[in-house]
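A.B. asks: show me how the following folds:
(one chain, ligands or ions: 1)
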Amino acid sequence: MKIMICLISIIFCLTSHLWADLQADQSQINRFRERIEVEINEAIDVTKLLSRGIQLDCCSRITNNKVQVYATPYEQELIKNMGLKVSVNPVRIGKNSRDASYHTYNTLTQELQRLANKYPSIAHLSSLGKTVEGREMWCMKISDNANEDEAEPKFKYISSMHGDEVVGKELMVYLIRSLLDDYGQDDRITKLVNRTQIFIVPSMNPDGTERHSRYNANWIDLNRNFPDVENDKNSDPKGRAIETQNVMKFIAKHNFALSINFHGGAVVVNYPWDTKSGNPPYVQLVKHLSLGYSKRNVPMFNSTSFPQGIINGYDWYEVDGGMQDWNYHWRQTLELTVELSNQKWPDASDLGKLWKDNEESLLWYMSQTHQGIHGTILDSETNAPIKATVKVQGVEKQCSSTETHGDFYRVLLPGRYNLTFSAPGYASKTITEVEVQDTSFSPTVLNVKLSAN
Ligand SMILES: [Zn+2]
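C.D. replies: Model (predicted):
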């Protein structure tokens, strides 16, 4: 038996070293990758590129048969030998990218600090931790009583994990300003801030952005760095990029109801899964939310590349170890990936229009945390909050209540549902025929008491 355990630990050590080496190799290879455009002849070519380990950025094969990839000189030769035409296509930096409309790390820091100081009761600035080069990963929490953890749904937007995709970072600043400046003036924004705990991380990869690079300072692609739905057995932050670890730890502390992460290089809502084929759990809701975002953004909805401006991630191109899938699979948080602009770093004069294109979608999507069922789960004798599981019959994903308040938030489409609440040490309870209506800011409220066994 002892020998067996020894053998297993040796194999485990060897494979974890191999895995670490593989990741290190990837980052060494990324150092020599440049962004190129490949003209493809047929859809199968994309699969062939992937099977040769070529890193796809994004592809718009539906209109012009072109894909963007990150390839080393060796990989570029490999692609040419497949009979495909390649041309160098670096991320173009907009002419006025250094004017006041684009924030550097320092000016972003100053602006977030200015806003947090100006609105101390509804804005709370913190950091998820430091990056490789010691920059802070700023997170602005916006809510009434922003300094407290309240019994309100939690929501997050994270942008620019690819450092050269910067439109989202700027739109997050527009959004933060709008939520804070219009609080108390605009009815919808006031309701959103009063009833939601909103977390916004404008720049997940500030080191990359400072050097106009997709990768972090150790040449790691953060959107290939999360535990994968298929290839990883557990969700362990160990051995990953520090930025990935910081985000994983941040998300583990909260119970987010909904989320989006922002990229650039196309204009589309990309929904799970990215890593495997087939529908994600509760695909009706996933598509409803994706369409809800795209149809409020005219250029996105009228896209000639993506019907109605949405696409299943895997149908577009496979991403392993992405943040979106990790959220939905490991954390039960439905996350979409939104690509905001065809040009990753457009001229600063385009930002105002991009904000206008996305403003309504951003606000609408946040308000969807209030569509469905909200409630608390308490001990029937002591009224103590219980961390319990909430299962909705016929809906694949479950959610849970928090330890601190016993509160839960289940986003659901209109309909009638049977819900089962269960927690260790308590008798489960099922409540049937709960009606959910299509109303903004009026979720069905369900307060449940469980009796100890
Ligand atoms: Zn990206």
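A.B. asks: how about the helices in the stretch 151-300 of the chain?
C.D. replies: Counting by DSSP state H, counting those that start in this stretch, one finds helices in the stretch 151-300 of the chain at the ranges 167-181, 187-195, 206-210, 242-253, 283-295, 298-301.
A.B. asks: for the ion, find the nearest of these.
C.D. replies: helix 167-181 (9.3 Å; Cβ to the ion). Where C-beta positions appear, they are placed from N, C-alpha and C, glycine not excepted.
A.B. asks: what comes up buried for that closest one?
C.D. replies: For helix 167-181, a neighbour-count test (16 or more other Cβ atoms under 10 Å) marks 167-176, 178-180 as buried.
A.B. asks: for it, C-alpha coordinates in CSV please.
C.D. replies: As requested, C-alpha coordinates have been extracted for helix 167-181 and formatted as CSV (Å, rounded to 0.1, in the frame of the first residue of the first chain):
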residue,chain,number,x,y,z
VAL,A,167,-11.8,49.9,-25.3
GLY,A,168,-13.4,48.0,-22.4
LYS,A,169,-11.1,49.7,-19.9
GLU,A,170,-12.2,53.1,-21.1
LEU,A,171,-15.9,52.1,-21.2
MET,A,172,-15.6,50.9,-17.6
VAL,A,173,-14.4,54.4,-16.7
TYR,A,174,-17.4,56.0,-18.5
LEU,A,175,-19.7,53.5,-16.7
ILE,A,176,-18.2,54.2,-13.3
ARG,A,177,-18.6,58.0,-13.8
SER,A,178,-22.1,57.6,-15.1
LEU,A,179,-23.2,55.4,-12.1
LEU,A,180,-21.7,57.8,-9.6
ASP,A,181,-22.5,61.1,-11.3
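A.B. asks: ok and it relative to helix 187-195, angle-wise?
C.D. replies: Here helix 167-181 runs at 90 degrees with respect to helix 187-195, directions being taken by axes from the mean of the first three to the mean of the last three Cα atoms, to 10 degrees.
A.B. asks: need the contact partners of helix 167-181.
C.D. replies: 101-103, 108, 111-112, 115, 118-119, 122-123, 140, 142, 157, 159-160, 189, 192-193, 198, 200-203, 209, 262-264, 338, 340-341, 344-346, 351, 354-355, 358-359, 362 (Cβ atoms under 8 Å, 6 or more residues apart in numbering).
A.B. asks: beta partners for the residue most central in space within the chain?
C.D. replies: In the chain, the C-alpha nearest the mean C-alpha coordinate belongs to Asn261, at 3.3 Å (Cα atoms, centre = their mean). As for beta bridges, Asn261 partners with Ile158, Thr337 under DSSP bridges.
A.B. asks: so it sits against Glu339, correct?
C.D. replies: No. Under the criterion of Cβ atoms under 8 Å, Asn261 makes no contact with Glu339, lying 10.3 Å away.
A.B. asks: that older thread, need the winner for burial among the helices of the stretch 151-300 of the chain.
C.D. replies: Mean neighbours per residue, mean count of other Cβ atoms under 10 Å, is largest over these for helix 206-210, with a mean of 24.
A.B. asks: packing partners for it?
C.D. replies: With contacts taken as 3 or more Cβ pairs under 8 Å, 6 or more residues apart in numbering; DSSP states H and E, helix 206-210 sits against helix 105-118.
A.B. asks: mind listing what's buried in the helix or strand just after the helix it packs on?
C.D. replies: On the C-terminal side of helix 105-118, the closest following helix or strand by DSSP states H and E is strand 123-130. Buried positions in strand 123-130, judged by neighbour count with 16+ other Cβ under 10 Å: 123-125, 128.
A.B. asks: residues touching strand 123-130, excluding its own?
C.D. replies: Here strand 123-130 has contacts from 112-113, 115-116, 136-142, 146-147, 176, 180, 201, 242, 245-247, 249-250, using Cβ under 8 Å, 6+ apart.
A.B. asks: now it, how far from the chain's geometric center?
C.D. replies: Taking Cα atoms, centre = their mean, to the nearest Å, one finds the center of strand 123-130 at 18 Å from the center of the full chain.
A.B. asks: each with direction, which strands does that strand pair with?
C.D. replies: Partner strands and pairing direction for strand 123-130 (DSSP bridges) are strand 136-142 (antiparallel).
A.B. asks: now the partner strand against helix 242-253, angle please.
C.D. replies: The directions of strand 136-142 and helix 242-253 differ by 30 degrees, with the same axes, to 10 degrees as the criterion.
A.B. asks: make 9 the first number, not 1, from now on.
C.D. replies: With 9 as the first residue, the last one maps to strand 144-150.
A.B. asks: pLDDT on strand 144-150, on average?
C.D. replies: For strand 144-150, mean pLDDT is 98.
A.B. asks: would you reformat the helices of the stretch 159-308 of the chain as JSON lines and include distance to Ser35 and mean pLDDT?
C.D. replies: Output for the helices of the stretch 159-308 of the chain, formatted as JSON lines (distance: least, Cβ to Cβ, whole Å; pLDDT from 0 to 100):
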{"stretch": "helix 175-189", "distance to Ser35": "23", "mean pLDDT": "97"}
{"stretch": "helix 195-203", "distance to Ser35": "39", "mean pLDDT": "97"}
{"stretch": "helix 214-218", "distance to Ser35": "12", "mean pLDDT": "96"}
{"stretch": "helix 250-261", "distance to Ser35": "12", "mean pLDDT": "97"}
{"stretch": "helix 291-303", "distance to Ser35": "32", "mean pLDDT": "98"}
{"stretch": "helix 306-309", "distance to Ser35": "33", "mean pLDDT": "97"}
